[in-house]
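Trainee: below: sequence and its predicted model.
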Amino acid sequence: MLRARQFFNLKFKRQYSVGRYILDFYCPETMLCVELDGGQHVANVEYDQRRTKFLAGLGIKVVRYLG
């Protein structure tokens, strides 16, 4: 859905670098990050919270989908 402007005609970049973090999908136009989280993220809650706080400080909104 995020490829080829299929989602509200927005361009998402895959595996986009911001600081020391790699974002799964990022739309610079809306400053929206979409993260597709697997089971490994259950053990990394504190890391994900720090990461989300860092990105929020840059004005980037993070949306997580757990799979």
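Mentor: Okay, I see it. Keep in mind the model is a prediction, meaning the values are calculated, not measured.

Trainee: so which residues of the chain form helices?
Mentor: 45-57 (DSSP state H).

Trainee: what stretches of it score poorly on pLDDT?
Mentor: Low-confidence segments of the chain (pLDDT under 70): 39-43.

Trainee: what segments of it are strands?
Mentor: 13-18, 21-27, 32-37, 61-66 (DSSP state E).

Trainee: from the centroid of the chain, which residue is nearest?
Mentor: Within the chain, the residue whose C-alpha comes closest to the C-alpha centroid is Cys33; the distance, by C-alpha atoms, centre = their mean, is 3.1 Å.

Trainee: beta partners of it?
Mentor: Note on Cys33: beta-bridge partners by DSSP bridges are Tyr26, Val62.

Trainee: my guess is it meets Tyr26, correct?
Mentor: Yes - at 5.2 Å, Cys33 counts as touching Tyr26 under the criterion of C-beta atoms under 8 Å. From N, CA and C alone the C-beta is placed, and that goes for glycine too.

Trainee: overlap in contacts, those two.
Mentor: Ile60 (C-beta atoms under 8 Å, 6 or more residues apart in numbering).

Trainee: sorry, back to before: which one of the strands of the chain lies nearest to Lys53?
Mentor: Among those, the nearest to Lys53 by C-beta to C-beta is strand 61-66 (9.6 Å).

Trainee: okay, the angle between the closest one and strand 21-27?
Mentor: Strand 61-66 runs at 100 degrees relative to strand 21-27, counting by axes from the mean of the first three to the mean of the last three C-alpha atoms, to 10 degrees.
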